[in-house]
Structures are given as C-alpha cells and as structure tokens.
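J.: With the sequence up front, the predicted model follows.
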Amino acid sequence: SACDAGEWIKKMHPMWQEPLAIPGGERQSPIDISVRKSMFDPQLKPLVMKYDPRTCQQIWNNGYSFLVEYDDTTDKSTLQGGPLEDQFRLCQFHFHWGENNKWGAEHTVDHLLYPAELHLVHWNADRYSLFEEAVMEDNGLAVIGVFLKVGKRHEGLQKLVDALPAVRHKDSVVEFTRFDASGLLPENTQDYWTYAGSLTTPPLTEAVTWIIMKQPIEVSHDQLAVFRSLLFTSAEEDVQKSMVNNFRVQQPLKGRTVRSSFV
Ligand SMILES: NCCOCCOCCNC(=O)c1ccc(S(N)(=O)=O)cc1
Ligand SMILES: [Zn+2]
C-alpha cells in the first residue's frame, strides 16, 4: 500500500527524506479522508472555476513533477466559491503518480488508493500580490485535487501527454499554449471534501485550503505510462532515475475536521 511505499520511498529517494521539524506541523498534507467522519456543511457554496486557455504558457519539469504554468499576472483564470472567501488565481497544475497503477495519489478516501492525483494550484489574489507572498500565509493558497483512475482514454489530457517527451529531463521547459485546464475537471465539481492543510513538497508551508473532488477522472493505461517516462534527473547526470512515486506519505489529521459539500 502507499504507506509501505511511503517507507520504502524514504529509504530509496533521498529527496523524500522528510525534514524533521516542520513549521507548526499541525496541518500537514496529504491525509486519508474518512468519508464517515467528514461533516456535511450546507453553507459551502458552489465552486466557480473560470479558466482562460490563453493564460496557459509552458510545461516545466522541476525534478519533482511536471508543472503546466499559467500567466497569473491578471484575473483571467480564477477560482472562487466553495469554502473560499476570496478570489484565487490559477498559477499551475501538476500531478503525482506511482510506478504502477496500484498507487500514486497523495490523498486517499477511506484508504482507497488511486494511481494518480492532479493538483490545480491557486493563490489568493484579493489579499496578496504574488504567489511567493501567499505561500507563507494560512489563507494564501487553494489547491483542487482530482483523482485519476485507469479506464478510457482522456481526450483532453492527450495534448499534454504528447508534449511530455519534450520535458523528459529535470529543468527542461517547453512552450505549451491554449490548454483548457477545466477539461481536466470531472463532470461533477459540486461534490468535494475540503480541509486546512499544507504543500505536500518543500517548503511544506501550512497555507493550503484543500478542495478534493469526489468524482475521479478516467485516463488510459497508456496515458499514465507516459508520465512514468519522465525523469527526476537532468540531462547532465550520468544515472537517470524515472519520475515515479512522487507522492508524500500521509500525515496525521491532528484533530482537523474534513467538511463535505454533499450528504
Ligand atoms: N523553496 C524556498 C521557498 O519557496 C517558496 C515558494 O515555494 C514554491 C515551490 N512549491 C510550490 O509552489 C508547490 C505548489 C503546490 C504543491 S502541492 N503538491 O501541495 O499542490 C507543492 C509545492
Ligand atoms: Zn501536488
């Protein structure tokens, strides 16, 4: 299971050595979402995503995942509603996945493992002027998590999959424009869980309002296999390591409540 993989990861991948002391450490991510312990909150508003494909700019392999980066200097691609008081801007999306189809996602639902998870990262542009500022504040970020399951081919994902060979190595970048991120959302975006958490990679700051979609999206086995053809390592390094199992081990809930938008 992911927790065994988690322990193994610590041994095998130095980059996943968890820092001993984490700022506060009271609201770390990811977590297991216990469906029966989550609290229905009728005051949660509908989520409103307005993503403009013209703000999509490039794909970057940063050595942890591949990021599809958006121009976040205007309010053209935004997220509001749901648990959020303010309007947030989309700055990037990325994925986490495993070495096989048995595990790879960061969050679990009643310990159910998905093979991958999409994160759409937004920052609070009503209160801060840059992502780098917002990432230090407890209401600074909002990340939408979408689970991936293996099934039929995802037509909207294929344009992204076709671009991945161009960013095989760490630190490679390729231009990537006119991509509609809303095409990666499940049909039902009104059923979600939400809780206060953190970034799941360094600097692990406790700045994230997590919004985890109940409905997964389906992608094909072959599409997911292309994710695994990426490398953690740069072109110069002599030992190439395939980019797999780039998920963090699950963190203690520490008394937090997970709210649901549905009964
Ligand atoms: N590294 C020194 C300080 O850096 C401050 C800004 O950190 C930016 C790098 N990290 C991220 O942007 C970042 C964004 C989202 C997620 S995740 N997986 O929680 O969605 C994890 C990390
Ligand atoms: Zn992530």
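T.: Happy to help now that I have it. Ligands and ions are numbered 1, 2, ... in the order given.

J.: Would you check that Ala207 makes contact with Met136?
T.: Yes: between Ala207 and Met136 there is a contact under Cβ atoms under 8 Å: 6.6 Å. C-beta: built from backbone N, CA, C; applies to glycine.

J.: Among these two, which residue is more densely surrounded?
T.: Between Ala207 and Met136, Ala207 has the larger neighbour count (other Cβ atoms under 10 Å), namely 24 against 14.

J.: Outside of the strand or helix carrying Val68 itself, list whatever touches it.
T.: If you go by DSSP states H and E, Val68 is part of strand 66-70. Under the contact criterion Cβ atoms under 8 Å, 6 or more residues apart in numbering, strand 66-70 has outside partners 55-60, 77, 90-95, 160, 164, 167, 176, 179, 181, 230.

J.: Residue ranges in the stretch 101-250 of the chain under the pLDDT threshold?
T.: Within the stretch 101-250 of the chain, not a single segment meets pLDDT under 70.

J.: Give me the nearest residue to Asp180, chain neighbours excluded.
T.: Spatial nearest neighbour of Asp180, excluding adjacent residues (Cβ to Cβ, 6 or more residues apart in numbering): Pro53 at 4.4 Å.

J.: who's in contact with the residue nearest to Leu44 when sequence neighbours are not counted?
T.: Counting by Cβ to Cβ, 6+ apart, Leu44 lies nearest to Ser261, which is 4.4 Å off, once chain neighbours are set aside. Ser261 sits next to 40-41, 44, 82, 190-194 when contact means Cβ under 8 Å, 6+ apart.

J.: Can you tell me which of those lies closest to Asp110?
T.: Nearest to Asp110, judged by Cβ to Cβ, of the contacts of Ser261 is Trp193 at 11.4 Å.

J.: Spell out which residues of the stretch 151-263 of the chain are next to ligand 1.
T.: Within the stretch 151-263 of the chain, the positions lying close to ligand 1 (Cβ under 6 Å from any ligand atom) are 199-203.
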